[in-house]
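**Q** Sequence and predicted structure, then a few things I'm wondering about:
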Amino acid sequence: MLVVTRRRTSRLSIRIAKNGDVRVSVPYRTTNDEVGEFLERHREWIEQAQKKTAERQQTRKAFYAQLPLQTRAQWADARARLDAIVRPLIDHYAPLMGVEPATIYYRANISRWGCCYTDRRAICLSLYLLLLPAWCIEHIVVHELAHLLVPNHGADFYALMDRFFPRWKEARTETRRISRMEE
Ligand SMILES: [Zn+2]
């Protein structure tokens with residue numbers, strides 16, 4: 001599908017959305033003919049980019065499909081398995097870091113590995129962490145615990161990571177590589 005947006009810009013630009021849509025943004029005064037010509041000139045680039053996007057989406061889908069979560073039993077099993085990994089990590093790191101998470105809960109989240117609600121000291125973790133190696137799970141857990149001390153990703157936050165999980169950068173790269181979440 002083609003989506004043309006007219007906006008305050010001085011140039012025409014193209015972007016391929018995750019679903020393969022071609023999104024073109026153009027200056028207000030651009031005519032449809034001009035848009036058509038522009039697309040024609042970039043046809044090859046568009047086809048390549050769409051192909052690459054489709055491949056990336058396939059890889060991503062295949063990655064998450066490794067952990068089926070359609071039934072209640074699958075969900076309960078995944079939750080129990082992840083909890084068995086996460087609990088000891090929390091027990092180890094929370095006192096070390098001087099934090100006390102009030103709630104840990106799990107979600108079948110594919111867009112984020114974890115999140116932290118500092119106001120209620122809640123941490124949520126994606127069940128898909130089960131698809132990562134143990135040290136990458138550990139990294140995510142430490143990352144979310146660190147958010148209880150520093151909510152943003154500023155220098156103070158990474159100082160904490162350096163202190164409590166020095167291999168954080170490596171773990172982040174590895175996690176992105178495995179799940180092909182990088183854009
Ligand atoms: Zn974060």
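**A** Great, that's in hand. Numbers count the residues shown, from 1 in each chain.

**Q** Okay, domains of this protein per the record?
**A** Following the assignment in automatic domain parsing, the chain carries domains at 2-65, 72-179.

**Q** can you tell me which of these the model trusts least?
**A** Least confidently modelled of the domains of the chain is domain 2-65, at a mean of 92 by mean pLDDT.

**Q** Off-centre distance for that domain?
**A** In terms of Cα atoms, centre = their mean, to the nearest Å, the centre of domain 2-65 is found 22 Å from the chain centre.

**Q** gap between the two ends of it?
**A** For domain 2-65, the first-to-last residue distance is 29 Å (Cα to Cα, to the nearest Å).

**Q** Repeat that for stretch 145-158.
**A** Start-to-end span of stretch 145-158 (Cα to Cα) is 12 Å.

**Q** just stretch 2-15 next, same as before
**A** Counting by Cα to Cα, you get 10 Å between the two ends of stretch 2-15.

**Q** buried residues in it?
**A** Across stretch 2-15, burial judged by 16 or more other Cβ atoms under 10 Å covers 12, 14. Every C-beta, even on glycine, is put in place using the N, C-alpha and C of the backbone.

**Q** hey, which of the domains of the chain is tucked in deepest?
**A** Among the domains of the chain, domain 72-179 has the highest mean neighbour count (mean count of other Cβ atoms under 10 Å), at a mean of 16.

**Q** Okay, Asp91 and Cys115: tell me how far apart.
**A** For Asp91, the distance to Cys115 (Cβ to Cβ, to the nearest Å) stands at 21 Å.

**Q** Oops, could you answer that again for Trp75 instead?
**A** The spacing between Trp75 and Cys115, counted by Cβ to Cβ, is 19 Å.

**Q** do the same with Leu67
**A** The gap separating Leu67 from Cys115 is 19 Å, by Cβ to Cβ.
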